[in-house]
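Enquirer: sequence first, then the predicted structure:
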Amino acid sequence: MKKFGLKKLYINFLLFKRAFVNYPFQKFNIVEILLFWIKSRLSRSQFLVLSGILVGFSAGLAGVVLKTFVHSIQEFLNNDLPINERMIAYAVFPFAGLVITALVVKFFYDNDQKKEISFVLNDIAQNESKVNSRKMHSQVIQSAITVGFGGSAGLETPIAITGSAIGSNYAQRYRLGYKERTLLLAAGAAAGIASAFNAPIAGVMFAFEILLTGLVFSDFIPLVIAAICGSLLSRIMLQEDILFILTARQSFDYANTFLYIALGIVTGFYARYFLVVSEKVKTFFDRYKGGPITKAVIGGVILSVLCVAFPPLFGEGYMNIKMLHQGNINYLIHKEIFSFFNSPDLVIIGFLILTLLFKAVATSVTLNSGGNGGNFAPSLISGGLIGFLFGFILTIVGVVDVPIANLMLVGMAGVMSGVLYAPLTAIFLIAESSSGYDLFIPLMIVSVIAFLINKFFSSINPTLKTLAAEGKIFTTRHDQNILNQIKIMECINEASEVIQTNSDIHKVLDMCRNSNQNTFAVVDENYRFWGILNREQLRPFLLGARPPEEANLTELTISPNFEISMKDRIVDVIKMFDESDVWQLPLVSEKKEFLGFISRSKILSRYRMLLKEYSE
């Protein structure tokens, strides 16, 4: 009986396959046909669970490959080369990395400069969660060159974008809807982050805090499954020295609470400094008139000089934190430097302060002059250095039993929380990567303080501010998110009627009698918008109270309170309707041509329909 059932399934699959082989518009391989067949036999929830597994392993594999490649390059430079040769490498490699990345982008990726997580958010809000398929490999290749050659950036953002592209394109390939596509996009990103840190909960929190802001989802199980698969794959394939794991620490002592509060304030203001420097450097390179290669050359020179002067700025920097965590300060500052100064402690303090100040510059130059990477790792590295420096200073001034290892861990969470505006991601990332669940209280204290400080200066992450102001990404304002999905052209009244300034008044009155519209557009002979004519102005002539010969169309025409353009957002159009208290407003082109009336009732109908879709 079982054999008969399997045979029946096999025959069913062959019949299904034959239909795809004969499909004239798109070609599918045997694995894709099998997945389509499985999809036809599973429920929506079951197929999403299967999709979460497949997307999770795919995104996790991309993260593993990228981390392994970059780690191999930097292991060779940091450990296998003598100090003199290493300094030469620090001078040459960062420059070469930025220039090569710029050349790859120009000649192989059509000069596509979209490499930030904000563009994924834009695709979610404006492009129905359809991420360009090239992002499945472009981010891996470009960031491997940039960071592998010493760019002062992180790999986590490229991994997250790669995972997002894998999830989005998987959903597109198997014809899933917008909600499913968005869910798998976020699942891919979660798996990527989970694989980078072996931290599945942090991956899920990253998806909810950053990618799914303003969206309501109940199907979160595929997201969790994808994060588990990504984390499991990295745990199996990555070596212990590649994974970011810090386990040695002191137990939490409530007597140190004030130290953590102070550290939260310090990391909060440093995160603000980091964001301000990033914006300044970005503005500089955006305004620079030269081409992408010239920008990369300028950025490469600056970065190479900084890496030679401050070697901890080279590459991701996780090894620096591991060495500091073990108390090996000589890994960051070569011991020969101490012979030139009488006070080694002051050398350490001064060196670390300058490294922290220039870390923001080095990362911003890397990312804005042509390199590819993200702020994930730089924020963590900076937080770890601040924690060590904070504890080191306390030890020098005589404070006993300073938990330096704990301060480093929670400092990392603090800066990351402030830079990324993602406190939950920061808390769980450090807790998971350090097995430091007993540090939840100090992690929450520092992360929340740092987050609130930056929230005070800017309610939304400065890197997303422009897109949010233009309505191109979702925010925590749910109503505005829905309104931003409504297109101007969807709200045109198809029954809009037009009168020309030289029209015969008798024909105008006949049109008015036979129309159910109350407002008419008046245009000149070139169809340029002149004004509007309401039924109220024509009522005396329609009722015979005044003879038609007395009517003058140009005198009866009035100017509307507002004219809508194609550049206006629906949110702004709603305000125009509220202020003018009318049901129709004219849509006019840049050349003043009348395009139709925008209907207030159509906007409300479209809003109700979208609200129903998002609520289901």
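Expert: On my side now, so go ahead.
Enquirer: drop to CA atoms for contacts and neighbour counts, all remaining ones
Expert: Noted.
Enquirer: tell me who's in contact with Asn514.
Expert: Contact analysis of Asn514 by Cα atoms under 8 Å, 6 or more residues apart in numbering lists nothing.
Enquirer: same question, Ser559
Expert: Taking Cα under 8 Å, 6+ apart, one finds Trp530, Gly531, Ile532 in contact with Ser559.
Enquirer: restricted to helices, list these.
Expert: Among the contacts of Ser559, DSSP state H puts none in helices.
Enquirer: isn't Phe520 right up against Gln500?
Expert: No - taking contacts as Cα atoms under 8 Å, Phe520 lies outside contact range of Gln500: 10.1 Å.
Enquirer: who has more neighbours out of those two?
Expert: Using other Cα atoms under 10 Å, the more surrounded residue of Phe520 and Gln500 is Phe520, with 22 against 19.
Enquirer: make sure Ser503 is indeed in a helix.
Expert: No - according to DSSP: H, G, I helix; E, B strand; the rest coil, the state of Ser503 is coil, so it is not within a helix.
Enquirer: how near is it to Asp524?
Expert: According to Cα to Cα, to the nearest Å, Ser503 and Asp524 sit 10 Å apart.
Enquirer: could you do Phe388 as well?
Expert: Using Cα to Cα, we find Phe388 at a distance of 74 Å from Asp524.
Enquirer: who has more neighbours, these two?
Expert: Phe388 (26 against 15).
Enquirer: mind listing what the more buried one touches?
Expert: Leu324, Ile404, Ala405, Leu407, Met408.
Enquirer: so which residue is smack in the middle of the protein?
Expert: Ile117 (2.5 Å; Cα atoms, centre = their mean).
Enquirer: need the contact list for that one.
Expert: So Ile117 contacts Thr157, Ala160, Ile161 (Cα under 8 Å, 6+ apart).
Enquirer: which one of those residues has the most neighbours?
Expert: With neighbours taken as other Cα under 10 Å, the top of these is Ala160, carrying 35 neighbours.
Enquirer: helices or strands next to the helix or strand encompassing it in the packing?
Expert: Using DSSP states H and E, Ala160 falls within helix 156-173. Helices and strands touching helix 156-173, as assessed by 3 or more Cα pairs under 8 Å, 6 or more residues apart in numbering; DSSP states H and E, comprise helix 44-75, helix 117-126, helix 135-148, helix 178-197, helix 376-396.
Enquirer: the same query, at a cut-off of 7 Å, please.
Expert: Here helix 156-173 touches helix 44-75, helix 135-148, helix 178-197, going by 3 or more Cα pairs under 7 Å, 6 or more residues apart in numbering; DSSP states H and E.
Enquirer: the following helix or strand past the longest one: how far from the chain's middle?
Expert: Scanning forward in sequence from helix 44-75, with DSSP H and E defining helices and strands, the next element found is helix 83-108. For helix 83-108, the separation from the chain centroid amounts to 26 Å (computed by Cα atoms, centre = their mean, to the nearest Å).
Enquirer: in helix 83-108, what's buried?
Expert: Judged by neighbour count using 16 or more other Cα atoms under 10 Å, the buried positions of helix 83-108 are 86-87, 89-105.
Enquirer: now it against helix 135-148, angle please.
Expert: The directions of helix 83-108 and helix 135-148 differ by 150 degrees, with axes from the mean of the first three to the mean of the last three Cα atoms, to 10 degrees as the criterion.
Enquirer: report all helices and strands that helix 83-108 contacts.
Expert: helix 135-148, helix 292-309.
Enquirer: and the angle from that helix to helix 292-309?
Expert: Going by the same axes, to 10 degrees, helix 83-108 makes 160 degrees with helix 292-309.
Enquirer: mind showing which ranges of the stretch 201-350 of the chain have poor pLDDT?
Expert: 214, 216-218, 239-243, 247-249, 334-343 (pLDDT under 70).
Enquirer: now do 90
Expert: 211-220, 234-255, 288-291, 308-309, 311-312, 315-348, 350 (pLDDT under 90).
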